[in-house]
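J.: With the sequence up front, the predicted model follows.
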Amino acid sequence: MKPTLTTERLLLRPVRSEDALHLVDLDRAPEVRRFVDQPEAPTLEQCRTVVERMLGIDASTPAIGFWIAEERSQFVGWFHLKPPREGEPAEAGDLELGYRLLQRGWGRGLATEGSRELIRYAFETLGAPRVTAVALEGNVASMRVMEKLGMRPWLRWEYRARGGGKVPAVTSAITRECR
Ligand SMILES: CC(C)(COP(=O)(O)OP(=O)(O)OC[C@H]1O[C@@H](n2cnc3c(N)ncnc32)[C@H](O)[C@@H]1OP(=O)(O)O)[C@@H](O)C(=O)NCCC(=O)NCCS
């Protein structure tokens, strides 16, 4: 089963159905969607579908998946640690880290703090060989988070966006040995 994890400021807990309401708040902000291939603000119904998909991934990969991040019992965003999506460049055994926070949470090191705990969990508890993360070109904040985590650019490639276009992307990685 996926554990609840804690950091100095964050509680990382499993996703629940009612988190769809939080996802509406999160994904309504254009700034949040800017680099995540989500051009339209989602409806509550669409967020319910997203939560169902998150729960589906959680069920098929019990020790990993999505975590909701709370700061002082308040929703602040989510993290994931899961197998890379099909078609993405990856090596066998890779776990892909991801994060998305409410704008009011930005700039205080929360993405780095939560990610550090998930990387520790991936290496120390799960024995993963490598953790990767993908950023679309221009997502300076996300690239900086990866850099602070000790991840280094591994591969540049073209992400196929939902609209059909291609967007330059970078996969960064950190291995258990180089941590
Ligand atoms: C990316 C994201 C998770 C970062 O969260 P965060 O909690 O602000 O991240 P941190 O505070 O840990 O680190 C952010 C770093 O980027 C830097 N940064 C942010 N915006 C920047 C910019 N436009 N130019 C240069 N550096 C920038 C910050 O200064 C900080 O670096 P520092 O600690 O050296 O000062 C947050 O911006 C977010 O949720 N964005 C929307 C969703 C998204 O893009 N997710 C990632 C998809 S790959």
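T.: Yep, it's here. Computed from a prediction, not measured in an experiment: that's the story for all the values here. Residues are numbered from 1 along each chain as shown.

J.: Up against the ligand, what does this protein have?
T.: With the criterion set to C-beta under 6 Å from any ligand atom, the chain comes near the ligand through 32, 35-36, 99-101, 105-112, 135, 139-142, 144-145. Every residue, glycine included, has its C-beta placed from N, CA and C.

J.: Buried ones only from those residues, please, as a PyMOL command.
T.: Selecting only the buried entries of the residues of the chain next to the ligand in PyMOL, with 16 or more other C-beta atoms under 10 Å as the criterion:
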select buried, resi 32+35+99+100+101+105+110+111+112+135+139+142+145
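
J.: Quick one: the strands in the chain, in order.
T.: Applying DSSP state E to the chain gives strands spanning 5-6, 10-14, 65-71, 74-82, 95-101, 130-136, 152-160, 166-175.

J.: Wait, Met1 touches Pro62, no?
T.: Yes: in this structure, Met1 is within contact of Pro62 by C-beta atoms under 8 Å, at 5.7 Å.

J.: Check which helices and strands the longest helix along the chain sits against.
T.: Longest helix in the chain, counting residues (DSSP state H): helix 44-60. If you count contacts as 3 or more C-beta pairs under 8 Å, 6 or more residues apart in numbering; DSSP states H and E, helix 44-60 packs onto helix 20-28, strand 65-71.

J.: Straight-line length of stretch 16-25, end to end?
T.: End-to-end distance for stretch 16-25: 16 Å, by C-alpha to C-alpha, to the nearest Å.

J.: Tell me how many other residues surround Cys178.
T.: For Cys178, the neighbour count with other C-beta atoms under 10 Å is 10.

J.: go on, Pro62?
T.: 9.

J.: now do the one 3 residues further on
T.: Using other C-beta under 10 Å, Gly65 has 21 other residues around it.

J.: nearest spatial neighbour of it, skipping sequence neighbours?
T.: Computed as C-beta to C-beta, 6 or more residues apart in numbering, the closest residue to Gly65 that is not its neighbour in sequence is Asp58, at 3.7 Å.
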